[in-house]
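**Student:** structure, please.
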Amino acid sequence: MARNFYRFNIPSGDAYDTAYSNNMAFMQYEYDEINGTSEVTGNWNVIKQVKENDIILLGYDSRIYAWGYAIKPRKRKNIKYLNVAEMQEKRLEIDGVKYMSGKYNGIIYFQDCECFYDNLTKIMEWDDFNRCWGQRIDIDKWRCNPDNKSISSYLKDYLETPRYTISRIKNNERACEIIKELTGDDIMLDNQNKSNCIELLIQNKNLILTGAPGTGKTYLAKQIAEEIIIRNYYEKNKNELEKYYNECEELRKQFIGQFPIGTLKSISIDDYCIGKGNKNSFCYWIEFKLRNSGFFDCGTANSYLLYYDTNGNLKNTSIIINNDELIKEIGEAIYKMATEKEYNGDLKFKGDKTTIKFAMKIYNSYNPYYYFPIFSSDYMNKICEIFNIVKDKNPYKQNLNIKEYFDKNFKDINPVIMKEMLIRNFFKNDDDFKKQCEFVQFHPSYDYTDFVEGLRPKNDNGNIGFERKDGVFKAFCKKALKNLKDSKKDISTLNYDEIIKKYLEDFYNDIEKEITTNGFYEIYGIGGGIAAPIIDIVYKEDEKEFRFTVKTKNDREHIIIKKLDLMTDYYKKFITKKPEEFKFKDFIDELKITHYHTYIYGFLKAFYDKYNEKIEQEKNNITIEEVKEKKFIFIIDEINRGEISKIFGELFFSVDSSYRGEKGKVQTQYANLIEDGDEFKDGFYIPENVYIIGTMNDIDRSVESMDFAMRRRFAWKEIKAEDTQETILNDLENLKDETIKRMNNLNKVIRNKETNLSEAYCIGAAYFKKIKDYEGDFNKLWENHLKGLLFEYTRGMPKQEEIMENLKKAYYLNNTKTENNNEEENANNTNN
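**Tutor:** Next up, the predicted model:
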């Protein structure tokens with residue numbers, strides 16, 4: 001049954017709050033009879049058109065508070081119609097609400113409101129207000145923060161022209177949810193795809209994304225990794241993060257209580273200005289007390305135009321107007337900032353950038369959280385780069401692009417919490433976050449030595465030799481294993497380890513200084529004799545690795561290379577007895593050292609003599625946080641372009657999800673060269689917290705095919721061309737709809753049995769994204785990109801020319817003649 005769509009507004013002001021505080025909403029019926037005036041005749045004409053089961057949305061501006069279906073009006077008997085004066089009197093009697101400025105406070109707005117909110121009980125007490133129809137709507141269920149785009153316009157467009165507006169609607173989660181409930185149409189294909197892929201990956205540990213060329217499989221793999229990592233952090237720290245958010249909200253409410261929006265225009269100098277010393281001014285709240293709910297930094301106090309300096313003197317940086325006039329202008333400006341989404345006032349606070357940041361921060365404080373709570377241009381740009389979000393020169397729009405992205409992909413995580421997670425993981429510990437995801441691309445020359453381990457040349461004081469080096473995957477697994485092991489340690493053990501590491505780094509500096517002064521650092525061997533001195537030492541911060549060189553009496557030099565973690569473990573075993581009590585065999589057995597034991601003993605004893613007392617004094621002073629287990633994602637792009645069996649080698653067994661952990665341990669090809677203390681000295685295995693995503697294009701004729709034994713170790717997910725087109729083509733703006741039409745039309749013919757191709761040969765949106773580079777010239781896109789690809793698809797087929805012509809017509813929407821003629825006309829005009 002066809003249904004119409006209607007959008008009705010609620011009043012602003014007090015009724016805005018009522019919409020949040022009460023949980024029943026009604027569409028008003030016979031509205032003009034209640035009012036008794038002719039002011040709403042136009043509205044009444046619209047209301048009379050509403051039929052049973054029509055779709056109704058209730059909202060204000062871009063905010064949607066509730067929705068439902070229209071039901072038949074109740075039959076009414078013996079109704080007494082009240083005039084306006086009688087209504088005022090009755091309303092005052094029931095609610096104590098006075099009639100003001102043409103409206104009942106929170107009930108009826110005579111000029112432009114077609115619905116009202118109230119407590120059901122009070123409505124029932126007043127029979128004359130019980131003439132309503134409409135579905136009872138649970139506002140708590142559908143409560144939402146303001147959207148930067150009107151949900152109602154999305155729904156109206158979808159119901160009227162779904163085919164051409166679906167791409168715009170898909171960017172709004174709430175609109176999609178309501179459409180699904182109302183119509184049964186699920187248009188969130190992109191998010192569904194990603195959610196399904198994440199579920200498959202978590203369950204199976206290994207996932208391959210396969211599909212047509214240009215479908216954004218690599219981009220999707222990175223998105224999957226980002227979401228898993230972020231959600232893993234959220235789940236592991238949920239209680240702490242929610243406590244953080246509640247504290248932020250409590251402060252924000254205190255701020256609003258101290259500076260109600262209605263008082264901003266008349267704010268006093270002392271209430272506004274920073275620097276007075278009481279840390280309770282409007283500016284101090286915005287910049288410091290509310291920092292956690294959205295970082296804002298004005299640079300210097302003079303950005304606020306009025307402020308107190310360190311001597312308590314009031315400073316006016318405007319020069320042009322006096323203090324009293326300036327504070328009036330400031331009051332007007334901050335009121336606008338609190339009530340307007342984009343401040344367009346004349347008063348500037350130290351330039352446009354600071355003014356915009358100030359305005360967004362103020363608006364967000366009174367209207368949480370319309371903007372994403374990060375206002376720094378540098379941070380916003382970084383977020384856009386990391387998550388591939390469209391940038392915009394307008395800071396308001398760029399921030400809303402970021403907000404839209406996180407609303408779409410992490411709708412269940414509060415923006416303040418998301419902001420805090422980004423700051424902790426991207427901005428403060430960027431390297432730590434990046435360590436959780438690694439990306440490689442296979443190719444025909446890629447081999448075992450790149451992936452697992454191999455021999456690499458080294459220069460040892462002019463002598464060229466070879467040393468075993470971890471491949472990219474094995475090095476990645478070491479990071480994951482360290483996290484897994486640390487997550488199982490108690491806090492005191494972790495703290496003790498960190499103290500030892502801190503002093504080992506200090507000890508490196510001590511040795512380096514003495515070598516610079518004396519040319520060597522003296523150490524003693526087992527039994528107390530002088531050992532070969534250390535003549536050089538290097539500490540690689542990024543690898544957390546010591547390299548120290550000793551020189552023997554016969555001028556032979558030996559380089560000892562040990563990781564910081566390993567030296568920490570050595571030290572903890574070393575202090576199980578006094579240094580002088582160690583015998584040669586005891587030391588080797590205790591530390592399990594096979595080479596350079598004398599020099600390692602000398603290093604540890606020197607460290608013990610200098611720092612053991614300090615370490616023991618500090619070990620009970622807990623200064624670190626508990627380590628939470630993390631998920632590590634390894635992405636292999638074009639996984640079938642390499643020779644899988646040669647790249648994985650014996651890992652063919654370990655990669656199986658049922659053999660993760662030590663039970664999947666294997667001996668690698670260079671196991672005999674692995675150094676003492678290496679995490680995988682006794683065999684390599686893939687830790688339980690490692691997940692592998694591969695991408696591949698099944699129809700590429702130039703690549704290796706994966707054998708069935710390897711295929712069964714992965715879950716498989718086909719990514720179709722339409723699945724990712726909305727995400728990939730999102731920034732095409734006015735070109736987007738036509739591009740999608742052409743893409744879908746072309747792929748429809750490719751799938752056609754007469755074309756003798758299949759779904760796997762459809763062309764993904766990444767090819768069509770190039771239309772932006774050609775400024776909308778679809779002829780260039782065809783000639784330079786699509787035509788050649790389709791020619792290769794159809795090479796050797798019977799009737800190739802006919803098939804190519806059909807594909808071309810589909811791309812040009814069966815209008816090739818017109819477009820080609822236009823092209824020729826343009827060329828002729830140019831020549832003339």
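**Student:** what about the strands in the stretch 651-800 of the chain?
**Tutor:** Under the criterion DSSP state E, counting those that start in this stretch, the stretch 651-800 of the chain carries strands at the ranges 690-696, 715-719.
**Student:** CA-only coordinates of stretch 480-489 in CSV, if you can.
**Tutor:** What follows is the C-alpha trace of stretch 480-489 in CSV, where atoms were taken according to Å, rounded to 0.1, in the frame of the first residue of the first chain:
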residue,chain,number,x,y,z
ALA,A,480,52.0,-9.3,19.0
LEU,A,481,53.6,-11.9,21.2
LYS,A,482,55.2,-9.3,23.5
ASN,A,483,51.8,-7.6,24.0
LEU,A,484,50.1,-11.0,24.7
LYS,A,485,52.8,-11.9,27.3
ASP,A,486,52.7,-8.5,28.9
SER,A,487,48.9,-8.6,29.1
LYS,A,488,49.2,-11.7,31.3
LYS,A,489,51.7,-10.2,33.7
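**Student:** got the buried residues for it?
**Tutor:** If you call a residue buried by 16 or more other Cβ atoms under 10 Å, then stretch 480-489 has these buried ones: 480-484, 486. (Each C-beta comes from the backbone N, C-alpha and C, glycine too.)
**Student:** run the chain-centre distance for whichever helix in the chain runs longest.
**Tutor:** Looking only at the chain and at elements set by DSSP state H, the helix with the highest residue count is helix 491-518. Using Cα atoms, centre = their mean, to the nearest Å, the distance from the centre of helix 491-518 to the centre of the chain it belongs to is 37 Å.
**Student:** so which bits of that helix are buried?
**Tutor:** The neighbour-count check on helix 491-518 (16+ other Cβ under 10 Å) flags 494-501, 503-504, 507-508, 510-512, 514-515 as buried.
**Student:** can you pull out the low-pLDDT segments for the stretch 51-200 of the chain?
**Tutor:** Scanning the stretch 51-200 of the chain for pLDDT under 70 picks out the ranges 51-192.
**Student:** go again with 90.
**Tutor:** Of all residues in the stretch 51-200 of the chain, those with pLDDT under 90 make up the ranges 51-196, 199.
**Student:** separation between the residue lying closest to I321 once chain neighbours are set aside and A760?
**Tutor:** In space, I321 comes closest to E329 once its chain neighbours are excluded; the distance is 7.2 Å by Cβ to Cβ, 6 or more residues apart in numbering. Applying Cβ to Cβ, to the nearest Å, the value for E329 to A760 is 65 Å.
**Student:** for the closest residue to R660 other than its chain neighbours, the count of nearby residues, please.
**Tutor:** By the measure of Cβ to Cβ, 6+ apart, the closest residue to R660 outside its immediate chain neighbours is E688, 4.7 Å from it. Residues near E688, counting by other Cβ atoms under 10 Å, number 17.
**Student:** dihedrals phi and psi, E688?
**Tutor:** Backbone dihedrals for E688, given as degrees, to the nearest 10, come out at phi -70, psi -20.
**Student:** residue contacts, it?
**Tutor:** By Cβ atoms under 8 Å, 6 or more residues apart in numbering, the residues touching E688 are 484, 660-661.
**Student:** mind running it again at 10 Å?
**Tutor:** Shown in contact with E688 (Cβ atoms under 10 Å, 6 or more residues apart in numbering): 205, 480-481, 484, 629, 631, 657, 660-662, 664.
**Student:** show the pLDDT at the residue nearest to I321.
**Tutor:** Per-residue confidence (pLDDT) for E329: 93.
**Student:** what packs against the helix or strand hosting it?
**Tutor:** According to DSSP states H and E, E329 maps onto helix 323-339. In terms of contacts (3 or more Cβ pairs under 10 Å, 6 or more residues apart in numbering; DSSP states H and E), helix 323-339 is packed against helix 269-272, helix 282-284, strand 306-308, strand 314-316, helix 351-366.
**Student:** could you redo the last one with a cut-off of 7 Å?
**Tutor:** Using 3 or more Cβ pairs under 7 Å, 6 or more residues apart in numbering; DSSP states H and E as the contact test, the elements touching helix 323-339 are helix 269-272, strand 306-308, strand 314-316, helix 351-366.
**Student:** D324: which of the ones you listed is closest?
**Tutor:** Shortest separation from D324 across the helices and strands packed on helix 323-339 is recorded for helix 269-272, at 8.2 Å, computed as Cβ to Cβ.
**Student:** can you pull the buried residues of the closest one?
**Tutor:** Across helix 269-272, burial judged by 16+ other Cβ under 10 Å covers 269, 271-272.
**Student:** send the alpha carbons of it over as PDB?
**Tutor:** Extracted C-alpha coordinates of helix 269-272, given in PDB (Å, rounded to 0.1, in the frame of the first residue of the first chain):
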ATOM      1  CA  ILE A 269      33.800  41.400  32.400                       C
ATOM      2  CA  ASP A 270      34.800  39.500  35.500                       C
ATOM      3  CA  ASP A 271      32.600  36.500  34.500                       C
ATOM      4  CA  TYR A 272      34.100  36.500  31.000                       C
END
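**Student:** how about stretch 675-690: buried residues?
**Tutor:** Neighbour-count burial for stretch 675-690, counted by 16+ other Cβ under 10 Å, picks out 676-680, 684-690.
**Student:** next one: that stretch to chain centre, how far?
**Tutor:** Stretch 675-690 has its C-alpha centroid displaced from the chain centroid by 32 Å (Cα atoms, centre = their mean).
**Student:** from C298, how far off is the residue nearest to I286 when sequence neighbours are not counted?
**Tutor:** Nearest non-adjacent residue to I286, counting by Cβ to Cβ, 6+ apart: K361, 5.8 Å away. Counting by Cβ to Cβ, the gap between K361 and C298 amounts to 9 Å.
**Student:** the two - which one has more neighbours?
**Tutor:** K361 (23 against 20).
**Student:** wait, that one touches F295, no?
**Tutor:** No: with the criterion set as Cβ atoms under 7 Å, K361 and F295 do not qualify as a contacting pair; they are 8.6 Å apart.
**Student:** give me the common contacts of the two.
**Tutor:** F375 (Cβ atoms under 7 Å, 6 or more residues apart in numbering).
**Student:** let me know the helix or strand that T310 is in.
**Tutor:** With DSSP H and E as the test, T310 turns up in no helix or strand.
**Student:** wait, E235
**Tutor:** Secondary structure here is read from DSSP H and E; on that basis E235 sits in helix 217-236.
**Student:** elements contacting that helix?
**Tutor:** With contacts defined as 3+ Cβ pairs under 7 Å, 6+ apart, the packing partners of helix 217-236 are helix 189-204, strand 206-211, helix 415-422, strand 632-637, strand 690-696.
**Student:** how far off centre is it?
**Tutor:** With Cα atoms, centre = their mean as the basis, helix 217-236 stands 8 Å off its chain's centre.
**Student:** got the buried residues for it?
**Tutor:** Of the residues in helix 217-236, those scored as buried under the neighbour-count criterion (16+ other Cβ under 10 Å) are 217-218, 220-234, 236.
**Student:** report the inter-axis angle for that helix versus helix 189-204.
**Tutor:** Per axes from the mean of the first three to the mean of the last three Cα atoms, to 10 degrees, the angle that helix 217-236 makes with helix 189-204 is 70 degrees.
**Student:** mind listing residues that contact helix 217-236?
**Tutor:** Helix 217-236 is contacted from outside by 194, 197-198, 201, 209, 211, 241, 387-388, 409-410, 413, 421, 425, 436-437, 628, 630-631, 633, 635, 637, 693, 695, 719, 724, using Cβ under 7 Å, 6+ apart.
**Student:** which of those are buried?
**Tutor:** Looks like those have 194, 197-198, 201, 209, 211, 241, 387, 409-410, 413, 421, 425, 436-437, 630-631, 633, 635, 637, 693, 695, 719, 724 buried, using 16+ other Cβ under 10 Å.
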